[in-house]
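[1] what's the 3D shape of this:
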Amino acid sequence: MRHTIAVVAVCGTVIAVTNAQADQAAQDRARAQQDAANALVEAEADKQAGPDREATAKAAYERS
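    Sure, this is the predicted structure:
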């Protein structure tokens, strides 16, 4: 009986550690997806801001 309890305790610990690792991996994937989405948003904002910056620089050049 003691061996059975010990085996069950070890198996429970292994399952708990495996679940914790799976949870951490899922969190890491979600964080990576969010980082990628943020990078895409920033890239799009930069792309849209480019013509505005160019127009501002051109206007400043033409005034001087």
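[2] what about residue 35, distance to residue 46?
    Residue 35 is 16 Å from residue 46, where distance means CB to CB, to the nearest Å. Placement of C-beta: from N, CA and C, glycine included.
[3] do the same with residue 15
    Per CB to CB, residue 15 is found 46 Å from residue 46.
[4] and residue 24, by the same measure?
    Counting by CB to CB, the gap from residue 24 to residue 46 is 32 Å.
[5] same check on residue 63?
    Distance of residue 63 to residue 46, computed by CB to CB: 25 Å.
[6] between these two, who's got more neighbours?
    Ranked by neighbour count (other CB atoms under 10 Å), residue 63 and residue 46 place residue 46 first, with 10 against 6.
[7] for that one, give me the pLDDT.
    Residue 46 carries a pLDDT value of 86.
[8] residue 31 - how many residues pack around it?
    Using other CB under 10 Å, residue 31 has 10 neighbouring residues.
[9] sorry, wrong one. I was asking about residue 14.
    Around residue 14 there are 10 residues (other CB under 10 Å).
[10] and it, how far from residue 27?
    In terms of CB to CB, residue 14 sits 20 Å off from residue 27.
[11] ok, residue 64 next?
    Residue 64 is 53 Å from residue 27, by CB to CB.
[12] more neighbours, these two?
    Between residue 64 and residue 27, counting by other CB under 10 Å, residue 27 is the more crowded of the two (10 against 5).
[13] low-scoring stretches of this structure, by residue?
    1-12 (pLDDT under 70).
[14] in it, which spans are strands?
    For the chain, no strands are identified by DSSP state E.
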